[in-house]
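Novice: Quick check, what structure comes out for this input:
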Amino acid sequence: MQLDDITRIIELFDSTQTTKLHIQKGDFFLKLEKGFTPNKPTQASEPLITPQETFTPVISEATNKIIAHKQETPYTHNKGENITSPMVGTFYRSPSPGAPAYVNVGDKVKKGQTLAIIEAMKIMNEIEAEFDCQIIEILPSDGQPVEYGSPLFVVERF
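Specialist: The predicted structure follows:
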């Protein structure tokens, strides 16, 4: 497996609500877990992983093995409420490539207005606002896989 393949797997895993993933191909073995809590308290000098942290794989030149480097992800707003995905699929912000996004951060939307599209099994499903609100944050990036129940938008009702 190439580093680009491993990086893409980790990105996809990180973007889902899946908590464990094991991949074996020949001599290669990859095990990913989220939300791991040790059975015994440890005296770690760094805090445990929070949802705002991700790890990016890097090959160590000294050992030619994959190591992980921590990256901070952008701050997520604590106010407002989430609009979640009603299905598993691929998230798209616009109706077609190159077209303007349905909504942007700061937009005020009305109930029934299209916010995005989720492609599932080659069917484009419009995600509509269930109430009048303002878009505070758009969580998945365009073309990112989403799971059932994963947050798509942080909004504030008005």
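
Novice: all helices for this protein, in order.
Specialist: For the chain, the helices defined by DSSP state H occupy 3-14.

Novice: okay, and for this structure, where does confidence drop off?
Specialist: Within the chain, the stretches with pLDDT under 70 are 1, 35-78.

Novice: make it 80
Specialist: 1-7, 13-79 (pLDDT under 80).

Novice: For Leu12, give me its contacts.
Specialist: Contacts for Leu12 (Cβ atoms under 8 Å, 6 or more residues apart in numbering) come out as Pro145. Where you see a C-beta, it was placed from the backbone N, CA and C, and this is true even at glycine.

Novice: Let me fix that, I meant to ask about Val146.
Specialist: Contacts for Val146 (Cβ under 8 Å, 6+ apart) come out as 15-16, 85, 88-91, 118, 140, 152.

Novice: got it, and Glu33?
Specialist: Each residue near Glu33 by Cβ under 8 Å, 6+ apart is listed here: 19-21.

Novice: Tabulate the residues you listed (TSV), appending distance to Gly112 and neighbour count.
Specialist: Shown next, in TSV, are the contacts of Glu33 (distance: Cβ to Cβ, whole Å; neighbours: other Cβ atoms under 10 Å):
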residue	distance to Gly112	neighbour count
Thr19	35	11
Lys20	38	11
Leu21	37	15
